[in-house]
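A.B. asks: Build the 3D model from these lines:
(chains A and B)
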There are 2 protein chains.
Amino acid sequence: MSFTPPVNAMHYLLKHAVDIDRIIDCDQHAELSHDLIGDILEGAAVFSRDVLAPLNGSGDQNPAQIKDGNVKSSPGFSKAYQDWVEGGWQTLSIEPEAGGMGLPQAVNSAAAEMFYAANMAFGLCPMLTSSAVKAISAHASEELKNIYLEKMVSGEWSGAMNLTEPQAGSDLGPVRTKAVPNADGSYAVSGQKIFITWGDHDCADNIIHLVLARLPDAPSGSKGISLFLCPKYLVNDDGSLGNRNGFRPISLEHKLGIHGSPTCVMEFEGATGWLVGEENRGLACMFTMMNEARLFVGVQGVGIGERAFQQALQFSQDRVQGRVIDQEAGAPIIGHPDVRRMLVDMKTRLMGARAICMATAAAGDLGACHGDEDVRQAAHAREALLTPIAKAYGSDIGVEVTSIGVQIHGGMGFIEETGAAQHYRDSRIAPIYEGTNGIQAMDLIGRKLRRDGGDAMRNLIQDLEGVALTCKSQSGVVFDQLEASLSSGIESLKTATDIVLNADEKHALSVATPYLRIAGDVLSGALLIKSAYSGQKAGDPYASSMLGLASFHAAHILPNANALLDAIRQGSTPIFGYEVGRLADL
Amino acid sequence: MSFTPPVNAMHYLLKHAVDIDRIIDCDQHAELSHDLIGDILEGAAVFSRDVLAPLNGSGDQNPAQIKDGNVKSSPGFSKAYQDWVEGGWQTLSIEPEAGGMGLPQAVNSAAAEMFYAANMAFGLCPMLTSSAVKAISAHASEELKNIYLEKMVSGEWSGAMNLTEPQAGSDLGPVRTKAVPNADGSYAVSGQKIFITWGDHDCADNIIHLVLARLPDAPSGSKGISLFLCPKYLVNDDGSLGNRNGFRPISLEHKLGIHGSPTCVMEFEGATGWLVGEENRGLACMFTMMNEARLFVGVQGVGIGERAFQQALQFSQDRVQGRVIDQEAGAPIIGHPDVRRMLVDMKTRLMGARAICMATAAAGDLGACHGDEDVRQAAHAREALLTPIAKAYGSDIGVEVTSIGVQIHGGMGFIEETGAAQHYRDSRIAPIYEGTNGIQAMDLIGRKLRRDGGDAMRNLIQDLEGVALTCKSQSGVVFDQLEASLSSGIESLKTATDIVLNADEKHALSVATPYLRIAGDVLSGALLIKSAYSGQKAGDPYASSMLGLASFHAAHILPNANALLDAIRQGSTPIFGYEVGRLADL
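C.D. replies: Here you go, the predicted structure:
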């Protein structure tokens, strides 16, 4: 199944949902222009479509394999990776200080969506390299930077993150891997890590592992964890590759999806590593890249969802089944109102989640580049607030949309050869990793909402009210309906926010997920409505389509915010209302 | 992962949700008693737990295989099938006229839920045999009945339904398989059928296929289709098995789930078949068993969901991760409010969908056995109304719940060995087969709602209002809240019903799925509330647990009905609001 990157949608949202001009105008992006953005997105689209997308199904059917401590990647992946490096795509998402292109994240996330849509399993390797570069660039010594950064920025060497252990997943406090100082200033790292994405493979010449481990006599728990750099092959003084380091993949996980991404169990047996950042500050170093990684997981949900949408759209235009209302015999199933409802639903959800991801990225960009300190501060707070929403909402929408994609295919959707099922399987990891969506919700109500007394959320709500006001200033039934639906949603979000701010901790934690969902539903609706209005005003040829999606959102999605309020009000009562032991009884 | 059949829940719902006594009291069930029901459910529970459940994971990992035109079933399935036959389990669901036990469907569906939960892939084989028995019993000649029924009722011979062809799925009108009369009164059947569940296997001695095919010169479309019986092995006059008939499986589908169920492409090459029912009335014969089959697919969703719930519950009680609020270090994750919310959510949705399935079955029972013609008529109408809801709501809940089950497992949920992912994959077929859930929604608003001017739905709403009134008569905050939530939901269902009754066809078809969902949400909520009240009144020890689920439903699920109203009001406008060609543009 071919893939057509949704470049039009990205340009549209960059212009009308997030106001990319404010970012282009920053001094830091002096060399950036609309034309350059256009060229980059077009290049990413071609690479995604022609190189990555054709390998998606075969990677699923031919997972990476392990033999004698080496992982052999899926057929074609190694060649595609060479093309990736030669095309300079790895540098896209890396900041200039580390030697990258330093593009705004709003643009990067658009390009990344195409890569993930084309081949999520492949796209995880560059994503992890970017994360590792970010950590090394921010925290490693100049010596380590000089040895590793350049080849990682180009992608010649890839990166891998070694965090999880069987007893340490969402909570990294119980990490047990040990790091013992060697005489030469390096450390001997020993322990077992699980769920290591692209932990070994044959695509890059070297793999640079960042490993969380515990120094001897380190404090217990999360305050005794340090970060170490362990290259697969030790690097000689002249930069050439030396001996293999003392760790290896000992098995690959058999996963529900993303089969083309090797998920390794890694065994470290006195591997040579170097400390990155300060002792016992390893988790703080990891937080450096967490915002970006979480945003990009939200983007993955949107990307896979887009791929599923395109496949379902194509199928529904080809498949003839049953007599379609108002049409001659032989009309394809897209004419059936319920099929069409599902397609518009998919597209609306995707566009809304995409707009949230882009708004999150743009807030990060503004926080980094704007000349005014107050603007930067506010943008930082906005980025922090939106990140858990982008991650959880984007990844949840991905699962919802890929499930609808299977449904539209009918019986064919359940047959693996069709390809719809792969998207359903692949998408399911995104709500889980980089912090489960439950953890995102806790982050939202804890660190992002209650810690600042609700300031960042109130600022966001003010912006949303601005969108509703704009609708009010328009004449016409459509905008009246949009305004009514949006205002009602905003009202629910405000009420929910007040409840969560004033609730005890147990109440707040009990309703964290419904609260995040309200925020996502209302924010996505507002962004679509804003985009529709802005595009219409600018005479954008796609404005009427965006208005169509906004209308569907207002009728089918925004009203959920009101429904979720009841749950928020009831708090922990319906959840802790009876003995937990009885859950198994009845 | 072990499986504990939810026998307590089933007894509770039989007593308090559907009033099984009304059915027991019918003359037809003179020999039935609570004790006998208890024995049957207990026996089914033991068989499910000890024989079927242990084969569920291995069936997934070791799918059925095809070799030289014969299907070899998954390891252990053939032995389990022998046990099934010897235990007399096949006779459970078959009416006495055909030689079965003639138990009420309310009891059958409870037993079936256990079988499906234990091993859905296995459970499909007996389900298809039951369907075939029903069709043969209702429509075949005495001669055919004499040859085939007895051995099918015992399960010695299994049944298979051959409907679908590549161009004929949801709409069977375009069926092309031909049946040409032979001189001896039999027919030569030729054509290709796809998606034939348990179309071939090595568990039973013979497989009796019912095949939709077209006689020469039959009218085109759905009015020219006849039903034929084609045994895998022809039966000699003395009842012994003769030659293999002229059809065979030519390949097996590679599916997302239910790997233990062989899904065959069947090639008929002049196979000998006998007409069942009248010429060109094949689809009408199929309708005989459609209600039952659809109900049982809803039950499958509940069954797999229950299995997923139990696994997630167990994991959450074992897994330690992160500090749990109000508890000492080392407390398992079930103490985290969001994890507990997910578990209660799963259980509530399952119990609600189970109650709907049971109410559907009980309506069918009453329609068949009650002494009063008016009661029978009303019960028939109720069964017809509820069947598409049971099918679609039960199967949708199955997918939702198994997805939450994966989520509770975190990273382990994505690893196939854990088993949570299998439920997620297995459950995905239920919203698709036996009429997609979109088709169920069309059936609900068309045949079941608009055709009788809304009478059956108004009767149902009246019953729901009775439940709300009962709440009102109770004192106490909990029942006040339940009443408020339920009454609001009922109001939404009434409004939605009026809208759909008065809408044009395009509007009605556009909102069929949201309408079905409203009906499911409100009905499931009402049944849980009714059960909680009735159990409390009777001093049932599980009443407080049911009240807990009802409270969760009232806070988290019932309010959705109101949210869906907006979509129902807007009708086709947001769905057909812009050119379909533009769906791919933006």
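
A.B. asks: Give me the phi and psi angles of the nearest residue to residue A:84 once chain neighbours are set aside.
C.D. replies: With C-beta to C-beta, 6 or more residues apart in numbering or on different chains as the measure, residue A:155 is the residue that lies nearest to residue A:84, at 6.1 Å, once sequence neighbours are left out. Heads up, the C-betas are built off the backbone N, CA and C, glycines and all. Note on residue A:155: its backbone torsions stand at phi 90, psi 0 [degrees, to the nearest 10].

A.B. asks: My guess is residue A:155 contacts residue A:86. True?
C.D. replies: No - applying C-beta atoms under 8 Å as the test, residue A:155 and residue A:86 come out as separate, 9.0 Å apart.

A.B. asks: mind listing what the residue nearest to residue A:84 touches?
C.D. replies: Neighbour list for residue A:155: A:81, A:84-85, A:89-91, A:126, A:129, A:204 [criterion: C-beta atoms under 8 Å, 6 or more residues apart in numbering or on different chains].

A.B. asks: Could you do residue A:488 as well?
C.D. replies: Residues counted as contacts of residue A:488 (C-beta under 8 Å, 6+ apart) are A:558-559, A:561-562.

A.B. asks: Nearest to chain B among those?
C.D. replies: Using C-beta to the nearest C-beta, residue A:559 is the member of those that lies nearest chain B, at 4.0 Å.

A.B. asks: Make sure residue A:147 is indeed in a helix.
C.D. replies: Yes - assignment of residue A:147 by DSSP: H, G, I helix; E, B strand; the rest coil places it within a helix.

A.B. asks: measure the closest residue in space to residue A:87 that isn't next to it in sequence to residue A:83 for me?
C.D. replies: The spatial neighbour of residue A:87 that comes closest, neighbours along the chain excluded (C-beta to C-beta, 6+ apart), is residue A:47 at 6.0 Å. Per C-beta to C-beta, to the nearest Å, residue A:47 is found 7 Å from residue A:83.

A.B. asks: still on that earlier bit, among the contacts of residue A:488, which are in reach of chain B?
C.D. replies: The subset of the contacts of residue A:488 within reach of chain B, counting by C-beta under 8 Å from any C-beta of the partner chain, consists of A:558-559, A:562.

A.B. asks: hang on, the earlier thing: same list, the contacts of residue A:155, but as TSV with pLDDT, neighbour count and secondary structure please.
C.D. replies: Formatted as TSV, the entries for these read as follows, by pLDDT from 0 to 100; neighbours: other C-beta atoms under 10 Å in any protein chain shown; DSSP: H, G, I helix; E, B strand; the rest coil:
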residue	pLDDT	neighbour count	secondary structure
A:81	98	22	helix
A:84	98	23	helix
A:85	97	20	helix
A:89	96	23	helix
A:90	96	24	helix
A:91	94	20	helix
A:126	96	22	helix
A:129	96	27	helix
A:204	98	24	coil
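
A.B. asks: Residues in contact with stretch A:570-586: which ones?
C.D. replies: With contacts defined as C-beta under 8 Å, 6+ apart, stretch A:570-586 is touched by A:499, A:503, A:506-507, A:509-511, A:567, B:4, B:6, B:8-9, B:12, B:310, B:313, B:334, B:337, B:340-341, B:343-344, B:347, B:351, B:481, B:542, B:544-549, B:551-552, B:554-556.

A.B. asks: Please compute how far it lies from its chain's middle.
C.D. replies: 33 Å (C-alpha atoms, centre = their mean, to the nearest Å).

A.B. asks: Over to it now: how far is its first residue from its last?
C.D. replies: Distance across stretch A:570-586, first residue to last, is 23 Å (C-alpha to C-alpha, to the nearest Å).

A.B. asks: Please point out which parts of that stretch sit buried.
C.D. replies: In terms of neighbour count (16 or more other C-beta atoms under 10 Å in any protein chain shown), stretch A:570-586 has its buried residues at A:570-578, A:583, A:586.

A.B. asks: For those residues, name the two members farthest from one another.
C.D. replies: For these, the maximum inter-member distance is 23.0 Å, found between A:571 and A:586 (C-beta to C-beta).

A.B. asks: do you know how far residue A:384 is from chain B?
C.D. replies: The gap separating residue A:384 from chain B is 20 Å, by C-beta to the nearest C-beta, to the nearest Å.

A.B. asks: list the contacts for that residue?
C.D. replies: Taking C-beta under 8 Å, 6+ apart as the definition of contact, the neighbours of residue A:384 are A:291, A:447-448, A:456.
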